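Q: quick one: sequence and predicted model below, then my questions.
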Amino acid sequence: MVSITSNYQKQQLLSKIATNDGHGENSAYFDGWKAYANDPFNLTDNPNGVIQMGLAENQLCFDLIQEWVVNNPKASICTVEGAEDFQEIAIFQDYHGLPEFRQAVARFMEKVRGDRVTFDPNRIVMSGGATGAHEMLAFCLADPGDAFLVPTPYYPGFDRDLRWRTGVQLFPVVCESSNDFKVTRKALEEAYEKAQESNIKIKGLLINNPSNPLGTLLDKDTLRDIVTFINSKNIHLVCDEIYASTVFDQPRFISVSEVVDEMIGCNQDLIHIVYSLSKDLGFPGFRVGIVYSYNDTVVDIARKMSSFGLVSTQTQHLLASMLSDEIFIEKFIVESSERLGIRQEMFTKGLAQIGISTLKSNAGLFFWMDLRRLLKEPTFDAELELWRIIIHEVKLNVSPGVSFHCSEPGWFRVCFANMDDETMRTALRRIKNFVHQTKGLHTKVAVLKKQCSRSKLQISLSFRRLDDFNSPVHSPMNSPMVRT
Ligand SMILES: Cc1ncc(COP(=O)(O)O)c(C=O)c1O
């Protein structure tokens, strides 16, 4: 049946939530994913396709996971060895979750934080990924119209997760490249005041440590400042620590839980941690999200709300077994961070060789690439223009800073852990070729500009419009070097 319902009719038929665009998919961030989906790179089948570098996935250690799964058939209820548990697991539906799962997750969270803190399994609440955890906390902590402060740049999914169905708002705390995008007390106070001037009620501060997209960590002084700030305003602190175990270099990761333990007089009822196994273990498909709140009432309510997004008992069963294998987990944590470090270094050094700098980082599955020099002017329009060239011509799906609410144009997030070495080398080669050709074009345009100004002609520096000057190398993809 063909639907002839217009947009207007749809809005009449459906709810306001269903028909608003709070899902955030109308953005460059998701457009990049679509461009990849339409023409996915494959080394043998589609070597000129788009390489997906917009996906923060940790795929570097699946050999270790696979080995563990093969060696532990009893952990699965779909093997000869594990089938006797099938019925018990299939009928279990308690929203508290399997005790052994909560115990194992709490232990894993401790291990990832270097055993410097302890987590109470009774405070572990399940959700459908960190996505569900954020929404659940937003429902628990704020009313429609209330807002959370969020330092910029921040993960684009927050706009959907915290806002869309809850009616909660996000209010930016503007951070800048001049101090490597650090979160300062001054920036927090300024944002808070600005929100008050606009009559927006701030209910909390949302931080992401390690940061997506920056790959940087909050140091202890900053964390103390943040905890002091939220205490002074009597607002909540939601700490998304989903990348806790992706740290591959000094300084080490410091969880808010360490700071809270140390700070006398801190109101722990205001502190909530969001965690997930999507990044540290690399299991986004399992949808294992965690709310760990120090507030008893929030734990109680969130647990009831978790009925809307439980983790399947089959998944809990498997993970309880895997996470309680301490020898395996310790090896995995070390190996994973080593591999991430090697990959990040290979990539960023390769870029440095061609004069592309990246924000110094020591965590995450991505880095923050500085292409400000390649913008034709310092605007977000120019950033998007450059991004379109990168995606359609260079065929790399990197994500533009504007979709992370970055306050300065010219920054791009590059994910590096969702591909194999060969794909990474191909991506690096494409960027190199692009930059070399762009440099060539800049020189060419400079010459042309001179000629034009002499003849009083107007010329605008645009990559695309360079075609008008019959440049023989207008698209890096035309280069035989790019065709791998
Ligand atoms: C900072 C941050 N929080 C939350 C999420 C969502 O994670 P999940 O897959 O567990 O829902 C992501 C995913 O990229 C993220 O980067």
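A: Yes, it's here. Numbering: from 1, shown residues only.
Q: tell me where the chain is predicted with low confidence.
A: Counting by pLDDT under 70, the low-confidence segments of the chain come to 1-11, 439-484.
Q: and the residue of it that's closest to the ligand?
A: G129 (2.6 Å; C-beta to the nearest ligand atom). Backbone N, C-alpha and C define where each C-beta goes, glycine included.
Q: contacts only, for that residue.
A: Applying C-beta atoms under 8 Å, 6 or more residues apart in numbering to G129 gives the contacts S276, S278, P284, R287, V288, G289.
Q: which one of those residues sits closest to A18?
A: R287 (22.0 Å; C-beta to C-beta).
Q: tell me the secondary structure for D94?
A: Counting by DSSP: H, G, I helix; E, B strand; the rest coil, the backbone at D94 sits in coil.
Q: do a quick rundown of the helices in the stretch 101-250 of the chain.
A: 129-141, 157-158, 185-197, 220-233 (DSSP state H, counting those that start in this stretch).
Q: buried residues in stretch 131-146, which are they?
A: Residues of stretch 131-146 classed as buried under the neighbour-count rule (16 or more other C-beta atoms under 10 Å) are 131-142, 146.
Q: what strand or helix carries S321?
A: Here S321, judged by DSSP states H and E, is contained in helix 313-323.
Q: report the angle between the axes of the very next helix or strand once past that helix and helix 313-323?
A: Next helix or strand after helix 313-323 toward the C-terminus (DSSP H and E): helix 326-353. Between helix 326-353 and helix 313-323, the angle comes out at 90 degrees (axes from the mean of the first three to the mean of the last three C-alpha atoms, to 10 degrees).
Q: neighbours around K34, how many?
A: Using other C-beta atoms under 10 Å, K34 is surrounded by 13 other residues.
Q: er, N72 actually
A: N72, neighbours per other C-beta under 10 Å, totals 17.
Q: which residue comes closest to it once chain neighbours are left out?
A: The shortest distance from N72 to any non-neighbouring residue, by C-beta to C-beta, 6 or more residues apart in numbering, is to S321 (6.4 Å).
Q: quick one, what contacts the residue most central in space within the chain?
A: Closest to where the C-alpha atoms of the chain average out (C-alpha atoms, centre = their mean) is N212, at 4.4 Å. Under the criterion of C-beta under 8 Å, 6+ apart, the neighbours of N212 are A56, Y154, Y155, I242, Y243, G364, F366, R413.
Q: before we move on, back to that, in the sheet, who's paired with the nearest residue to the residue of the chain closest to the ligand once chain neighbours are set aside?
A: Counting by C-beta to C-beta, 6+ apart, G289 is the residue found nearest to G129 once chain neighbours are left out, at 4.2 Å. Taking DSSP bridges, one obtains S127, S276 as the residues bridged to G289.
Q: okay, now the spatially closest residue to Q52 that is not a sequence neighbour: neighbour count?
A: Nearest in space to Q52, with sequence neighbours left out and distances taken as C-beta to C-beta, 6+ apart, is Y36 at 4.6 Å. Residue crowding around Y36 was assessed by other C-beta under 10 Å; the count is 21.
Q: contacts only, for Y36.
A: By C-beta under 8 Å, 6+ apart, the contact set of Y36 is G49, V50, I51, Q52, G54, N397.
Q: so W164 is in contact with H23, correct?
A: Yes - counting by C-beta atoms under 8 Å, H23 is a contact partner of W164 at 5.9 Å.
Q: anything in contact with each of these two?
A: In contact with both W164 and H23: no residue, using C-beta under 8 Å, 6+ apart.
Q: sorry, back to before: and the ligand, which of the contacts of Y36 contact it?
A: Among these, no residue sits close to the ligand (C-beta under 6 Å from any ligand atom).
Q: show the buried residues in these.
A: Counted by 16+ other C-beta under 10 Å, these give G49, V50, I51, Q52, G54, N397 as buried.
Q: the first one and S324: what is the separation?
A: It refers to G49. Using C-beta to C-beta, to the nearest Å, G49 is found at 41 Å from S324.
Q: L217 - nearest residue in space that isn't next to it in sequence?
A: Nearest to L217 is P210, by C-beta to C-beta, 6+ apart, at 5.1 Å.
Q: for that neighbour, what are its contacts?
A: P210 neighbours (C-beta under 8 Å, 6+ apart): T216, L217, E241, Y243, A244, T246, V247, F253, A363, G364.
Q: neighbours of the closest residue to M109 other than its chain neighbours, how many?
A: Spatial nearest neighbour of M109, excluding adjacent residues (C-beta to C-beta, 6+ apart): F119 at 4.9 Å. Residues lying near F119 (other C-beta under 10 Å) number 22.
Q: same check on L223?
A: The burial count for L223: 24, using other C-beta under 10 Å.
Q: that one against I254, yeah?
A: Yes - with contact defined as C-beta under 8 Å, L223 counts as touching I254 (6.2 Å).
Q: need the residues of the stretch 101-250 of the chain near the ligand, please.
A: Going by C-beta under 6 Å from any ligand atom, the residues of the stretch 101-250 of the chain near the ligand are G129, A130, T131, Y155, G157, N208, N212, D240, I242.
Q: mind listing what the fifth one touches?
A: Same thing as G157. Residues near G157 by C-beta under 8 Å, 6+ apart: G24, T131.
Q: go again with 10 Å.
A: Contacts for G157 (C-beta atoms under 10 Å, 6 or more residues apart in numbering) come out as G24, Y29, A56, G129, A130, T131, H134, N212.
Q: helix, strand or coil for the first one?
A: When the structure is reduced to helix, strand and coil (three-state DSSP), G24 reads as coil.
Q: contacting residues for it?
A: Contact partners of G24, counting by C-beta under 10 Å, 6+ apart, are F30, P156, G157, F158, D159, R160, D161, R163, W164, S403.
Q: top of the residues you listed by number of neighbours, please.
A: D161 (27 neighbours).
Q: now it. Nearest residue, chain neighbours left out?
A: The shortest distance from D161 to any residue other than its chain neighbours is 4.0 Å, reached at H134 (C-beta to C-beta, 6+ apart).
Q: wait, isn't the one you found in contact with R165?
A: No - H134 lies out of contact with R165 (C-beta atoms under 10 Å); the separation is 11.1 Å.
Q: S407: which of the contacts of Y36 is nearest?
A: Taking C-beta to C-beta as the measure, G54 is the one of the contacts of Y36 closest to S407, at 20.7 Å.
Q: hmm, Y29 and that closest one touching each other?
A: Yes - using C-beta under 10 Å, G54 makes contact with Y29 at a distance of 7.0 Å.
Q: could you name every residue contacting both of the two?
A: N397, S399, P400, S403, R413.
Q: need those residues in a markdown table (columns: secondary structure).
A: Listed next are the shared contacts of G54 and Y29 as a markdown table, based on three-state DSSP:
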| residue | secondary structure |
| --- | --- |
| N397 | strand |
| S399 | strand |
| P400 | strand |
| S403 | helix |
| R413 | strand |
